[in-house]
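Asks: below is the sequence, then the predicted model.
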Amino acid sequence: MTELKNSNPELIDEDPLEEEYEKNTFQYDPEKINIVTRELTIEQILRRIDAKSLDLAANSQARGDIWKDEVKSRLIESILIRIPLPVFYIDATNEDKWLVVDGVQRLFTLKQFVNDKTLKLIGLEYLTELEGKTYDELERRYQRRIEESQVLVYLIEKGTPPEFKFNIFKRINTGGMPLTSQELRNALNSGQATQFLAKLAKSPEFCHVINLSDSRKKRMDDQEFILGFLAFTLTSYKDYKTEGRDVFLTKALSKANNMSEEELNKIEDDFKKAMVAAHDIFGNNAFRKISTKGLRYYPLSKTLFEVWSVNLSKLSNDEIQKLKDRKQLLIDKYITCIDNDKEFMVSISQAYHKVQYRFFTIEKIIKEVLA
């Protein structure tokens, strides 16, 4: 029998996941892409934020308050000395509620300073006489300068295909702290589904088996793990299309936004069952490669998380107990697959490659052990 090596319950997984950039392969009609340019004043934008008709995507980005007060203050100072702000990109496909995708940190700063009045200017470079002042303490001429400053806004309007909309934001997502794919997905699909991901990401069952650093959680890496499970739960791997992983995951969020509470509760129960089973069987090697050819502790893998969690979630309690009773046999078969099946190794090294093969392989191993 093969013994598991290097189990360390205190180890926080910091290694990058073995994934590569994926090109979009979907087809779209260029005539349906509807992007307009507008010049808006900061006052107009802040009014929209106050009226909740412009969403800073606070639910999907715990990043709005990521800037230090010195950085926020220098943004305000830049406006006061008339330095133009970079353009903003907004999803305006819902006329009643715009979503800010690129520029949320800048707008959060303006909201905090002008609307909330909770920011005091510090660390200024030019207007040092304003040090320590709040918005209300500024001279009226400075307040007007902020309110009347115009910014350039690119609005992606109704009719633009959702798949292309996501791709647009990926392409322009080049700011100082670019959004991750999951942050983009959450920003563009805010609602019941994103709340569901956040809830499962905080569940003890998940946190016990997936130990990510705070920095990775802040970038929603934990929620992307869970979204993979959700996507392949809602759509069988047998029906996975070649349209691309990003599109596949985005469609899963859209589906979940329209599901009943009862349906989501069933998925939650199955998810937690799979997390407990994975830990009971694999311990700290859950959702990682295990090999006799290397001694290193392999990083967590989203692809392995998907195939194992989805397969385990479909089993009955009796079947899971049988796997636990025969876990060494299961582990040995898994290791043999890792060490000898090159096609399987390729399939789990690239998240969008050979999806059917990796699911079929793990499904086959489980059936053999249960037989």
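Replies: Received, thanks. Numbering: from 1, shown residues only.

Asks: going forward, measure contacts between C-alpha atoms and count neighbours the same way
Replies: Fine.

Asks: identify the residue spatially nearest to residue 124, adjacent ones excluded.
Replies: Nearest residue to residue 124 in three dimensions, chain neighbours excluded: residue 74, at 6.1 Å (Cα to Cα, 6 or more residues apart in numbering).

Asks: strands along the chain, start to end?
Replies: Secondary structure of the chain (DSSP state E): strands at 35-41, 54-55, 88-92, 98-102, 150-157.

Asks: tell me who's in contact with the residue nearest to residue 124.
Replies: For residue 74, the contacting residues are 123, 124, 125, taking Cα atoms under 8 Å, 6 or more residues apart in numbering as the criterion.

Asks: repeat that for residue 229.
Replies: Taking Cα under 8 Å, 6+ apart as the contact definition, residue 229 lies against 271, 305, 306, 307, 309, 310.

Asks: what's the span of stretch 135-142 from first residue to last?
Replies: Across its full length, stretch 135-142 reaches 9 Å between end residues, using Cα to Cα, to the nearest Å.

Asks: residues in contact with that stretch?
Replies: The contact list for stretch 135-142 (Cα under 8 Å, 6+ apart) reads 80, 113, 114, 117, 119, 120, 130, 143.

Asks: number of residues surrounding residue 324?
Replies: One way to gauge burial is a neighbour count; for residue 324, by other Cα atoms under 10 Å, it gives 17.

Asks: surely it is in contact with residue 280?
Replies: Yes. Counting by Cα atoms under 8 Å, residue 324 touches residue 280, with 7.0 Å between them.

Asks: need the per-residue pLDDT for the nearest residue to residue 194 once chain neighbours are set aside.
Replies: Using Cα to Cα, 6+ apart and skipping residues adjacent in sequence, the residue nearest residue 194 is residue 186, 6.0 Å away. Among the per-residue scores, residue 186 holds a pLDDT of 75.

Asks: cool, residue 272 as well?
Replies: At residue 272, the pLDDT value in this model is 97.

Asks: okay, now it: neighbour count?
Replies: When neighbours are defined as other Cα under 10 Å, residue 272 has 18 of them.

Asks: pretty sure it is touching residue 207, no?
Replies: No. With contacts counted by Cα under 8 Å, residue 272 stays clear of residue 207, the gap being 10.5 Å.

Asks: thinking again about what came up before, most neighbours among the contacts of residue 229, please name it.
Replies: The contacts of residue 229, ranked by neighbours (other Cα under 10 Å): first place residue 309, 28 neighbours.

Asks: contacting residues for the closest residue to that one other than its chain neighbours?
Replies: Nearest-residue entry for residue 309: residue 274, 5.4 Å, with adjacent residues in sequence omitted and distances by Cα to Cα, 6+ apart. If a contact means Cα under 8 Å, 6+ apart, then residue 274 has 309, 310, 312, 313 as its contacts.

Asks: against residue 371, how distant is residue 274?
Replies: Residue 274 sits 20 Å away from residue 371 when distances are taken as Cα to Cα.

Asks: all helices for the stretch 101-250 of the chain, in order.
Replies: Listed in chain order, the helices found in the stretch 101-250 of the chain under DSSP state H, counting those that start in this stretch are 104-110, 140-148, 162-172, 181-188, 192-201, 204-209, 214-218, 221-234, 245-256.
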